[in-house]
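Visitor: Okay, predicted coordinates and the sequence, questions at the end:
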Amino acid sequence: MEISNISMDYDRTTESNSLNTTPCQYETVRSFRAQLLPPLYSLVFVIGLVGNFLVVLVLLQHKRLKDITNIYVLNLAISDLLFLFTLPFWIHQYRKDNWVFGNVMCKLLSGLYYVGLYSEVFFIILLTIDRYLAIVHAVLALRVRTVTFGIITSVVSWVLAFLTSIPEFYFKFSVWYEGRNICVYFIISNSDIKWIQSQPLTLKILELVLPLVIMIVCYTGIIKILLRRPNERKSKAIRLIIVIMIIYLLFWTPFNLFLFISLFEGTFKNMNCEQSKQLFLAVQVSEVISYMHCCVNPVLYVFVGEKYREYLRELFHSSLSLSLSKWLPFFHTENQDRASSMSPSSGEQ
């Protein structure tokens with residue numbers, strides 16, 4: 001097989017740029033990136049892993065899956081964890097400037113990266129629509145917002161995420177280039193180029209445009225309803241809605257904007273080599289910023305709620321009690337009784 005098109009670098013955000021059309025040398029940029037990105041990726045990985053893992057523990061321990069919202073929140077946390085699972089491998093490739101995990105892992109991790117990314121967006125959309133139905137169309141919500149409907153829409157979202165990520169599973173290969181292994185798109189025929197070229201556009205539509213349009217429509221309707229009968233609790237809800245939209249824009253807009261510009265870099269005749277390198281680095285840094293959204297999701301969708309904060313405190317309390325009971329047996333009975341008195345009644349939703 002011959003390579004008909006290969007990216008200038010193994011980085012996932014700049015793979016659409018061809019080696020033959022990029023005269024700049026990116027060694028200095030890659031060296032700077034190797035120092036900058038691994039610590040940032042590591043920070044995102046640790047914070048995101050802890051936050052989303054706590055979400056899963058809280059929901060499973062308190063059996064809160066009889067509510068459609070919690071089903072979506074659980075799936076959102078799993079999406080973030082799937083996405084975060086791939087980060088240590090990208091951290092290693094940036095540090096070593098080499099892909100050492102082989103062809104199968106190149107395909108698998110590239111695919112899982114996008115499955116986690118797309119499914120996260122889908123479940124954020126579902127949570128937005130769910131909140132809209134619960135507040136604006138309360139009567140309809142009684143019929144629609146069921147556990148069965150939540151499971152069906154969750155399964156559909158995962159299927160769509162896998163289908164959208166097919167190009168990553170199919171076209172990604174580990175190849176030897178310029179004395180190092182790189183994980184890149186390996187295009188066998190020119191007809192396959194259309195698949196690759198459509199990926200960045202699909203990414204921008206699913207990451208930014210579609211969620212933003214749905215958020216604007218749904219949250220506008222929600223705010224109108226809440227403003228009709230204002231009170232302190234509804235004011236907090238409105239502030240939370242505004243915060244959710246602003247945070248989503250802050251995290252995702254820079255990355256999509258720089259990525260969009262990079263796609264048409266070849267059409268900018270006045271762009272010199274230094275500007276091209278700056279754009280390349282801007283895409284890298286803004287991508288890390290977008291990753292931070294998976295660290296914020298647990299805070300926005302779970303731990304801002306009073307019930308979830310109580311469940312989290314109880315989770316830490318029971319874990320601490322269990323640890324102490326191993327060394328101090330008299331703690332066991334006392335803390336068990338206290339935990340049982342704090343647990344919610346069986347009739348609580």
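Guide: That came in fine, so what should we check first?
Visitor: Helices of the protein, start to end?
Guide: Per DSSP state H, the chain carries helices over the ranges 27-61, 68-85, 87-96, 102-136, 138-144, 147-164, 166-171, 193-204, 210-228, 232-263, 273-291, 293-298, 306-327, 330-342.
Visitor: Switch the ones you listed over to TSV, and while doing so, append mean pLDDT to every line.
Guide: Below are the helices of the chain laid out as TSV (pLDDT from 0 to 100):
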stretch	mean pLDDT
helix 27-61	86
helix 68-85	93
helix 87-96	87
helix 102-136	91
helix 138-144	85
helix 147-164	93
helix 166-171	83
helix 193-204	63
helix 210-228	88
helix 232-263	80
helix 273-291	84
helix 293-298	88
helix 306-327	68
helix 330-342	46
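Visitor: Let's have those helices in JSON lines, adding mean neighbour count.
Guide: For glycine as for every other residue, the C-beta is placed from the backbone atoms N, C-alpha and C. Below are the helices of the chain laid out as JSON lines (neighbours: other C-beta atoms under 10 Å):
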{"stretch": "helix 27-61", "mean neighbour count": "17"}
{"stretch": "helix 68-85", "mean neighbour count": "23"}
{"stretch": "helix 87-96", "mean neighbour count": "18"}
{"stretch": "helix 102-136", "mean neighbour count": "21"}
{"stretch": "helix 138-144", "mean neighbour count": "12"}
{"stretch": "helix 147-164", "mean neighbour count": "16"}
{"stretch": "helix 166-171", "mean neighbour count": "17"}
{"stretch": "helix 193-204", "mean neighbour count": "15"}
{"stretch": "helix 210-228", "mean neighbour count": "15"}
{"stretch": "helix 232-263", "mean neighbour count": "16"}
{"stretch": "helix 273-291", "mean neighbour count": "18"}
{"stretch": "helix 293-298", "mean neighbour count": "24"}
{"stretch": "helix 306-327", "mean neighbour count": "14"}
{"stretch": "helix 330-342", "mean neighbour count": "12"}
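Visitor: between these, which gets nearest to residue 178?
Guide: Nearest of the helices of the chain to residue 178, taken as C-beta to C-beta: helix 27-61 at 10.2 Å.
Visitor: quick one on the thing from earlier: who wins for proximity to residue 180 among the helices of the chain?
Guide: helix 87-96 (8.7 Å).
Visitor: related to what we said a few turns ago, and the helices of the chain as CSV, adding distance to residue 183?
Guide: Listed next are the helices of the chain as CSV, based on distance: least, C-beta to C-beta, whole Å:
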stretch, distance to residue 183
helix 27-61, 14
helix 68-85, 16
helix 87-96, 7
helix 102-136, 4
helix 138-144, 42
helix 147-164, 19
helix 166-171, 10
helix 193-204, 14
helix 210-228, 28
helix 232-263, 18
helix 273-291, 16
helix 293-298, 22
helix 306-327, 38
helix 330-342, 48
